[in-house]
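Student: Show me how the following folds:
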Amino acid sequence: MQQEYPEKEVILTRSDDTWLTLEQRVEIANSIRLEPHEAVLYLSIHINASLDKNASGYEVWYLSPGFRRKVLQSTGEDVELENILNSMLEEEYTAESILIAKFIMEGLDAQIGKKSKSRGIKAEEWFVVRNAHMPSVLVEAGFITNEKEAALLDDPQYLQNITQGIYNGLSSFINHFEFSRGFTGNE
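Tutor: Just a heads-up that it's a prediction; the model follows:
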């Protein structure tokens, strides 16, 4: 990502097998301070598990459009106006999250769709998408509790394919979002 988009900053919550609570993960994302005309998105990547050992596949989740969260910090000056602005921003974040999910799903389909099945794009109020104050998605890359998928998830090339699929989806989103709106990155 850094090579193709050197002006973008990628922040990892961790780069090793350290455990962070869901709260800590979202807190890292929400603590990012943006300059005018900057944007941020939150991507949470997981490996799924199920009591059903036959459950398999990958899926991408976004926050249910009906769920309302507070994404703007209140100044306390004009509560009615703040509520309207928050609602408008929430609608934008939802639309962007759905678009990110769509592009990531397309990327995963192209990279791992022949070895694992798509479970689709879904909406839910998972903690990480519910509490992120930005467009956000949660990717479940497969089921560790499924013997066949666990073997795939242990294969470095398969993991690289997952990574490439997610990267391609994010790249498609960035290109669609920025270039379709005439942004050049120099604003």
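Student: what are the ranges of the helices in the chain?
Tutor: Counting by DSSP state H, the chain has helices at residues 22-30, 79-112, 127-131, 147-153, 156-174.
Student: which other residues reach the first one?
Tutor: In other words, helix 22-30. Outside helix 22-30, the residues that touch it by Cβ atoms under 8 Å, 6 or more residues apart in numbering are 11, 13, 20, 40, 42, 44, 127-128, 131-134, 136. Yep, even glycine has a C-beta here, placed from its N, CA and C like the rest.
Student: can you count the residues close to residue 61?
Tutor: Residues contacting residue 61 under the criterion other Cβ atoms under 10 Å number 24.
Student: Name the residues linked to it by a beta bridge.
Tutor: residue 122, residue 138 (DSSP bridges).
Student: elements contacting the helix or strand of the chain with the lowest mean pLDDT?
Tutor: Every helix and strand of the chain was ranked by mean pLDDT, DSSP states H and E. The lowest is helix 79-112, at a mean of 91. Using 3 or more Cβ pairs under 8 Å, 6 or more residues apart in numbering; DSSP states H and E, the elements in contact with helix 79-112 are strand 58-63, strand 118-124, strand 136-143, helix 156-174.
Student: can you pull the pLDDT of the residue of the chain most remote from its centre?
Tutor: Relative to the C-alpha centroid of the chain, counting by Cα atoms, centre = their mean, residue 77 is the outermost residue, at 32.5 Å. Predicted confidence (pLDDT) at residue 77: the value is 82.
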